[in-house]
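Chemist: I would like to see how this sequence folds:
(chains A and B)
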There are 2 protein chains.
Amino acid sequence: MNFYEKTINQSSIYKGTIIDLEVHDVELPDGKTSKRELVYHNGAVAVCALTPEQKVILVEQFRKPAEKPLLEIPAGKLEKGEARELAAKRELEEETGYIAEDLEVITEMYGSPGFSNEKITIYLAKDLKEGQMQLDDDEFLEVSYYSLSEIESMIRNHEFEDAKTIIALQHLLLNYNDYK
Amino acid sequence: MNFYEKTINQSSIYKGTIIDLEVHDVELPDGKTSKRELVYHNGAVAVCALTPEQKVILVEQFRKPAEKPLLEIPAGKLEKGEARELAAKRELEEETGYIAEDLEVITEMYGSPGFSNEKITIYLAKDLKEGQMQLDDDEFLEVSYYSLSEIESMIRNHEFEDAKTIIALQHLLLNYNDYK
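Modeler: Below you'll find the predicted structure:
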């Protein structure tokens, strides 16, 4: 079945630093029209990294939209034109001080596909080396380390609320059971 | 550590049907200021439903932000003041024609916590009864059914791109292995 929604009119509401907002009139499959509010974002990368001791590296940072700190895997938005894998390595080293030579894609995900095109590529990083932590000027975060057994009970107790983080950690539990 | 970002100035850019956009000036932990672009959303619910034959119910619908159809668990946004569990039951019946008497919370998640407060509660529904499918006027979707073995290989092949869906399906794989 073809569900395509063709844009027949669009207006730009806001062009910002992280996001742009547009409103489109779209033609629906039955020929009627509807409005779509669309938040455009450059995309992001996230890294689920395991230390040589098989600990998962998480970072806690204040998230203004949620008005509270969230415990997440290291992540960051893509600069315009930046390659995803390079961005992932850069973010991991900047936020945690670890260098990953090889990354493996866990999955790509849309967090809010109803209104935003933000796509996050989630990587798995093993065989880490020591690098240099270096936070952005407006970035404040705290790094912590968890065993897979701890992660398992934290998932069970609903202690994570960030989608990319839950996906990455479930992936570890499904595929690296022997690391517990 | 206290990372709180206090809003010291805010402007409303857009008030829409699904989302509102505000830009806040916030005070950082070091006393400097920064801008935050914030997309406010009323929240949503999603239901991972298992038929009496232990098949997972998925719906495919066109997602304008991604410019393609995505295969997802049934979901919908909350109406103002609506109870999450009631909304979940309503969306499930409207989109799939199934009634769930009991729902169990899998988790709550922020899909895009860097810029949006959209929080999705993901439920698990078993023991379904037959009800009445009834789509919204601007809703076009296709319902399909998958065994847990099929889901497992689809996850492995990165066939899902919607965050809430990946979380719900990985939860099934972690906890309902005997349904395969």
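
Chemist: what comes up buried for stretch A:122-141?
Modeler: A:Ile122, A:Tyr123, A:Leu124, A:Ala125, A:Lys126, A:Leu128, A:Phe140, A:Leu141 (16 or more other Cβ atoms under 10 Å in any protein chain shown). Every residue, glycine included, has its C-beta placed from N, CA and C.

Chemist: how far does that stretch sit from the chain's center?
Modeler: 14 Å (Cα atoms, centre = their mean, to the nearest Å).

Chemist: contacting residues around the residue of chain A found nearest chain B?
Modeler: Minimum separation of chain A from chain B (Cβ to the nearest Cβ) falls at A:Gly111, amounting to 2.9 Å. When contacts are counted by Cβ atoms under 8 Å, 6 or more residues apart in numbering or on different chains, A:Gly111 is found next to A:Glu118, A:Ile120, A:Ala163, A:Lys164, B:Tyr110, B:Gly111, B:Ser112, B:Ala163.

Chemist: before we move on, what about A:Ile155?
Modeler: By Cβ under 8 Å, 6+ apart, the neighbours of A:Ile155 are A:Ile166, A:Leu169, A:Gln170, A:Leu173, B:Thr107.

Chemist: does the last one count as helix, strand or coil?
Modeler: Going back to what we said before, that points to B:Thr107. strand (DSSP: H, G, I helix; E, B strand; the rest coil).

Chemist: Please apply the same query to the second one.
Modeler: Taken by three-state DSSP, the conformation at A:Leu169 corresponds to helix.

Chemist: correct me, but it touches A:Ile151?
Modeler: Yes: with contact defined as Cβ atoms under 8 Å, A:Leu169 reaches A:Ile151; the gap is 5.2 Å.

Chemist: any residues in contact with both of these two?
Modeler: In contact with both A:Leu169 and A:Ile151: A:Val56, using Cβ under 8 Å, 6+ apart.

Chemist: circling back to that earlier point, nearest to A:Gln54 among the contacts of A:Gly111?
Modeler: Nearest to A:Gln54, judged by Cβ to Cβ, of those is A:Lys164 at 20.6 Å.

Chemist: Count the neighbours of A:Ile73 for me.
Modeler: Close neighbours of A:Ile73, defined as other Cβ atoms under 10 Å in any protein chain shown, add up to 29.

Chemist: List the residues that contact it.
Modeler: Contacts of A:Ile73 by Cβ under 8 Å, 6+ apart are A:46-49, A:56-59, A:122, A:162, A:164-165, A:168-169.

Chemist: Looking at neighbours, which among those is most surrounded?
Modeler: The most neighbours of any of the contacts of A:Ile73, using other Cβ under 10 Å, belong to A:Lys164, which has 31 neighbours.

Chemist: my guess is it meets A:Thr107, correct?
Modeler: No: at 9.3 Å, A:Lys164 and A:Thr107 do not qualify as touching, with contact defined as Cβ under 8 Å.

Chemist: Give the residues shared as contacts by those two.
Modeler: Contacts common to A:Lys164 and A:Thr107, judged by Cβ under 8 Å, 6+ apart, are A:Ile122.

Chemist: Narrow the contacts of A:Ile73 to those in helices?
Modeler: A:Lys164, A:Thr165, A:Ala168, A:Leu169 (DSSP state H).

Chemist: so who does the closest residue in space to the first one that isn't next to it in sequence touch?
Modeler: Distances taken as Cβ to Cβ, 6 or more residues apart in numbering or on different chains put A:Ala46 closest to A:Lys164, at 4.6 Å, once the chain neighbours are dropped. A:Ala46 is in contact with A:72-75, A:88, A:91, A:120-123, A:164-165, A:168, counting by Cβ under 8 Å, 6+ apart.

Chemist: what's the answer for A:Ile99, then?
Modeler: A:Ile99 neighbours (Cβ under 8 Å, 6+ apart): A:Lys89, A:Leu92, A:Glu93, A:Leu128, A:Lys129, A:Glu130, A:Gly131.

Chemist: Quick check: bridge partners of it?
Modeler: A:Lys129 (DSSP bridges).

Chemist: Show the end-to-end separation of stretch A:135-145, please.
Modeler: 18 Å (Cα to Cα, to the nearest Å).
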